[in-house]
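1. Next comes the sequence, and after it the predicted model I'd like to discuss.
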There are 2 protein chains.
Amino acid sequence: MKAGTVRIDGERLWQRHMDMAKIGGTPKGGVNRLALTEEDIVAHRTIADWAKARGFGVYLDDMGNMFVRRDGTDPTLAPAMSGSHSDTQPTGGRFDGISGVLAAFEALEAIDDAGIETRRPIECAIWNNEEGARFTPGVMGSAVYCGKSDLQTMLAGTDADGISMGSCVAALKAALPDAQPRALGTPVAGFIELHIEQGPLLEATGNVIGVVTGMQGNRRFFVDVVGEDAHSGTTPLSRRKDAFVAATDMARALRDLFHDPEDVLRFTIGRFEVSPGAVVVVPGRVFFTVDFRNPSADVLKRLGDQVEAVCRKHAGPCEVTVREPSNAAPIDFPDTMLDAIERSADAHGYPKMRIYSGAGHDARYMHTMCPTGMVFVPCERGLSHNEAENAEPEHLAAGTQVICDVLLEMAERP
Amino acid sequence: MKAGTVRIDGERLWQRHMDMAKIGGTPKGGVNRLALTEEDIVAHRTIADWAKARGFGVYLDDMGNMFVRRDGTDPTLAPAMSGSHSDTQPTGGRFDGISGVLAAFEALEAIDDAGIETRRPIECAIWNNEEGARFTPGVMGSAVYCGKSDLQTMLAGTDADGISMGSCVAALKAALPDAQPRALGTPVAGFIELHIEQGPLLEATGNVIGVVTGMQGNRRFFVDVVGEDAHSGTTPLSRRKDAFVAATDMARALRDLFHDPEDVLRFTIGRFEVSPGAVVVVPGRVFFTVDFRNPSADVLKRLGDQVEAVCRKHAGPCEVTVREPSNAAPIDFPDTMLDAIERSADAHGYPKMRIYSGAGHDARYMHTMCPTGMVFVPCERGLSHNEAENAEPEHLAAGTQVICDVLLEMAERP
């Protein structure tokens, strides 16, 4: 099977993007489709309906991961797989995640349209709760599938309203009564994921295909600061246990700790919740999160291990508790996958560059299970996790063509 | 009429406190009774029922202020009035506000029990939305009553769920169909308010009666910081418009601006709301509040006028908007009221001290309308706006006795 044998349909791919963007679409043109909300379940159901219309199989595992399968000639072989996630951030865009799902689905359709029989099955995966916005931690579905997180612990997790992941997975199963069960950890022959870059490099350099070499490591911390509620008019500052003051001192000291003159290190405080949150009440409690990423395992260890001490040092009269809900090491994808992606890009004449992933993706966990690679396509101004997120139809089509080529190649590997 | 002629009933007063604490009572022993919520309306209805059982009149004005009236012998004279508010902060206590209402009500009952006829009517007021926790600004009911705020503007204000004050006042009226209408601005002969100190001085000095000499001024600011949502893993720090970073820089600079080595100045950031509030999204928006209080009009002007410039200076790549929803000048209560309070305290042998109010109270606005004074009673560790707020039954009884004495004295003034 040579690259270019099957041509994907760029118009169909774009139309599918526009159809999916309506599910949880926001007035500002973005998407709010948190993991396994009603909207996200509709997204799953919609893709399952497309699959059924094609005669593809639909499978669901106990973690809420969904798989669309086009059978191969040898049912004993593990599938070649592509895919990503359908959930978004609360103010997310139309491409983050769903583009990888739709690229995989388009590859299945294009191969089907071409009437090609593959040796291995080819599958499109929708991994559950990649974003981690509604349920923490993120990248949950692929982590559980690959045995890196515990199923029961993840199902027991709840969102801000106390709704459990377990009950959401049950709702997904109920919406997909026609799906067949899939055991967690069922072998996969190879995995390739398309994603928008979520950074500015491809656009800035005029490249269309990002050949992802690896993924930076990522440590996350949850910090609870407890002081004492008090009256803002009567309580002298010297007698206060102001959790806001302590938490902002911590935030400032963490900025210093994580300062990187080369601007490679990523440090973000994304949640910072002040209680009780009233104009005339000295805050007695703050919860905040630290997201810290770096390509270097040494830097991740050296700086990450100081987070708790820095918070303690700046707690003032307050109590502080620091937890670390996730700690993912940096990874490098295998050369075989990089080469396969580059061969496809070259065959079609797509401008390409090797690129490092700043974000975490489901490919992180699939990498622990099978040969894995990623394809980035450009997004406007590098904006992502933003309702203004945008991508060009022809870039998505080019990336999807590469996904299709690599899937076909993987599907023939012995 | 001499001080001490009528003795208030301390046990009844305490029981009324415990009854009211159940309305919106929290598991931690505090009270969550935001202005004109269902719970706050039940509190009004409960007091109206007590009033009816006594044969007292119940009145309601268009701003949702309620008045319980025991008639005097001359219906043409303005009433002597006491009272406070029934609403609380979200994590409020059992005494802030309601003690002033129950002290006034107990005075009416004690005078009634004694069968005394007064020249002027005596009234117990429940001012609407003193706390400003659900609707801003606070001290709303008395401000509108005294013509210092506009009725229609205040009724149009909405809470976080978009519910208007106007609809809440309508709900209060519906719950009190037996209340007679009271025109806003109806003259009052004199006003005295009991309140817990909400500070540590009375407890520390062993005094029971705080003779309040005046009230510090209070300026409030609302700050909106707008940056841009971005992906926390991919966006270099140099390219971010991180509203959290800008807002914490502003907060830090404001702390420096308001630093007071004498610890008299009160500066609090009580609300600080980060959007979208996700672990892996660089925050595109922060809203925060500044509460600034000082006894000196000069200090209020000099430092308060710098808030906007300080915020602008530290906005970095973000946009910032600063509003000032309220600006109240410091006030001094008249000597006649201070003298009347001290005469009563001395007559009963209550240890007393002159004290300055750090908090704002409804007495601030009543002071613009008629001779006004305040009585503070101790609260444990000075804690207030806190579920652990506590006060001693005998201290509340002593303060209430002073309220009763001063009301009787005012009721005979020509």
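-> Thanks, I have the structure now.

2. Going by contacts, tell me the helices and strands next to the helix or strand where residue A:411 lies.
-> Using DSSP states H and E, residue A:411 falls within helix A:393-412. Using 3 or more CB pairs under 8 Å, 6 or more residues apart in numbering or on different chains; DSSP states H and E as the contact test, the elements touching helix A:393-412 are helix A:10-21, strand A:80-85, helix A:98-113, strand A:122-127, strand A:190-196, strand A:209-215, helix A:335-348, strand A:372-377. Yep, even glycine has a C-beta here, placed from its N, CA and C like the rest.

3. For residue B:242, which of the ones you listed is the nearest?
-> Of all these, strand A:190-196 sits nearest to residue B:242, with 21.1 Å by CB to CB.

4. Against residue B:379, how distant is the spatially most distant residue from the centre of chain A?
-> Outermost residue of chain A with respect to the C-alpha centroid, by CA atoms, centre = their mean, is residue A:234; its distance is 47.5 Å. Distance from residue A:234 to residue B:379, counting by CB to CB, to the nearest Å: 10 Å.

5. can you list residues touching both of those two?
-> B:197, B:198 (CB atoms under 8 Å, 6 or more residues apart in numbering or on different chains).

6. so how far does stretch A:170-187 reach from one end to the other?
-> 24 Å (CA to CA, to the nearest Å).

7. Name the residues of that stretch that are buried.
-> By 16 or more other CB atoms under 10 Å in any protein chain shown, the buried positions in stretch A:170-187 come out as A:171, A:172, A:175, A:176, A:179, A:182.

8. ok, now stretch A:284-303?
-> A:284-295, A:299-300, A:303.

9. quick one: it near chain B?
-> Yes. Interface with chain B: stretch A:284-303 contributes A:284, A:289, A:291, A:293 (CB under 8 Å from any CB of the partner chain).

10. that's a strand at the last one, yeah?
-> Yes. Remark: residue A:293 belongs to a strand, assigned using DSSP: H, G, I helix; E, B strand; the rest coil.

11. surely it meets residue A:260?
-> No. Counting by CB atoms under 8 Å, residue A:293 stays clear of residue A:260, with 11.0 Å between them.

12. what sits in contact with each of the two?
-> By CB under 8 Å, 6+ apart, no residue touches both residue A:293 and residue A:260.

13. just to revisit the earlier point, kindly reformat the residues of stretch A:284-303 next to chain B as JSON lines containing distance to residue B:90 and pLDDT.
-> Compiled in JSON lines, the residues of stretch A:284-303 next to chain B are given as follows (distance: CB to CB, whole Å; pLDDT from 0 to 100):
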{"residue": "A:284", "distance to residue B:90": "11", "pLDDT": "97"}
{"residue": "A:289", "distance to residue B:90": "23", "pLDDT": "98"}
{"residue": "A:291", "distance to residue B:90": "29", "pLDDT": "97"}
{"residue": "A:293", "distance to residue B:90": "36", "pLDDT": "96"}
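
14. ok, so of those, who is nearest residue B:18?
-> Closest to residue B:18, out of all of the residues of stretch A:284-303 next to chain B and judged by CB to CB, is residue A:284, at 24.7 Å.

15. and the closest one, what does it touch?
-> Neighbouring residues of residue A:284 by CB under 8 Å, 6+ apart: A:226, A:227, A:228, A:229, A:230, A:241, A:243, A:275, A:276, B:91, B:386.

16. And it, how far from residue B:369?
-> 36 Å.

17. now swap in residue A:129 and tell me
-> 59 Å.

18. ok so, going back, what about the residue farthest from the centre of chain A? Give its phi and psi, please.
-> Here is the backbone geometry of residue A:234 (degrees, to the nearest 10): phi -110, psi -20.

19. correct me, but it touches residue B:202?
-> No. Assessed by CB under 8 Å, residue A:234 is found out of contact with residue B:202, at 11.4 Å.

20. Counting neighbours, what do you get for the closest residue in space to residue A:106 that isn't next to it in sequence?
-> Spatial nearest neighbour of residue A:106, excluding adjacent residues (CB to CB, 6 or more residues apart in numbering or on different chains): residue A:13 at 4.6 Å. By other CB atoms under 10 Å in any protein chain shown, the residues close to residue A:13 number 23.

21. Spit out the contact partners of residue A:13.
-> A:102, A:103, A:106, A:393, A:396, A:397, A:400.

22. let's see it at 6 Å
-> Residues near residue A:13 by CB atoms under 6 Å, 6 or more residues apart in numbering or on different chains: A:106, A:397, A:400.

23. would you turn these into a markdown table with pLDDT, neighbour count and distance to residue A:31?
-> Putting the contacts of residue A:13 into a markdown table (pLDDT from 0 to 100; neighbours: other CB atoms under 10 Å in any protein chain shown; distance: CB to CB, whole Å) gives the following:
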| residue | pLDDT | neighbour count | distance to residue A:31 |
| --- | --- | --- | --- |
| A:106 | 98 | 27 | 19 |
| A:397 | 98 | 22 | 20 |
| A:400 | 98 | 27 | 19 |
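
24. any idea how far residue A:395 is from the residue nearest to residue A:257 when sequence neighbours are not counted?
-> Once flanking residues are discounted, residue A:257 sits nearest to residue A:310: 5.5 Å by CB to CB, 6+ apart. Residue A:310 sits 41 Å away from residue A:395, going by CB to CB.

25. Give me the more crowded residue out of those two.
-> Neighbour count, other CB under 10 Å: between residue A:310 and residue A:395, residue A:395 has more, with 24 against 21.

26. isn't that one right next to residue A:379, touching?
-> No. Residue A:395 is not in contact with residue A:379 according to CB atoms under 6 Å; the separation is 8.4 Å.

27. so the residue farthest from the centre of chain A touches residue B:359, yeah?
-> Yes. Between residue A:234 and residue B:359 there is a contact under CB under 6 Å: 5.1 Å.

28. Can you tell me the closest non-neighbouring residue to residue A:287?
-> Residue A:287's closest residue in space is residue A:273 (CB to CB, 6+ apart), at 4.7 Å.

29. And the one you found, what's its pLDDT?
-> Listed pLDDT for residue A:273 reads 98.

30. Also the one 5 residues further on?
-> In this model, residue A:278 is scored at 91, pLDDT.

31. Distance-wise, check it relative to chain B.
-> Distance, residue A:278 to chain B, by CB to the nearest CB, to the nearest Å: 5 Å.

32. before we move on, what about residue A:193?
-> According to CB to the nearest CB, residue A:193 and chain B sit 15 Å apart.

33. Same check on residue A:355?
-> Applying CB to the nearest CB to residue A:355 and chain B gives a distance of 11 Å.

34. cool, residue A:65 as well?
-> From residue A:65 over to chain B (counting by CB to the nearest CB), the distance is 20 Å.

35. Now for residue A:234 and residue B:359: what residues contact both?
-> residue B:198.

36. Residues of chain A that sit close to chain B?
-> A:89-91, A:133, A:198-199, A:229, A:231-234, A:236-238, A:244, A:248, A:251, A:263, A:266, A:268-272, A:274, A:276-282, A:289, A:291, A:293, A:358-359, A:384-386 (CB under 6 Å from any CB of the partner chain).

37. Sitting in strands, which of these do you find?
-> Under the assignment DSSP state E, the residues of chain A next to chain B contribute A:231, A:266, A:268, A:272, A:274, A:281, A:282, A:289, A:291, A:293 to strands.

38. Report the contact partners of the nearest residue to residue A:210 once chain neighbours are set aside.
-> Of all residues not flanking residue A:210 in the chain, residue A:376 sits nearest, at 2.9 Å (CB to CB, 6+ apart). Counting by CB under 6 Å, 6+ apart, residue A:376 makes contact with A:197, A:210, A:212, A:355.

39. Now do the nearest residue to residue A:114 once chain neighbours are set aside against chain B, distance only.
-> Nearest residue to residue A:114, sequence neighbours excluded (CB to CB, 6+ apart): residue A:6, at 4.6 Å. As judged by CB to the nearest CB, residue A:6 and chain B stand 31 Å apart.

40. ditto for residue A:364
-> 11 Å.

41. doesn't that residue fall inside a helix?
-> Yes. Residue A:364: assigned to a helix according to three-state DSSP.

42. and the closest residue to it other than its chain neighbours, what are its bridge partners?
-> Counting by CB to CB, 6+ apart, residue A:364 lies nearest to residue A:215, which is 5.6 Å off, once chain neighbours are set aside. Applying DSSP bridges to residue A:215 yields these beta-bridge partners: residue A:331, residue A:357.
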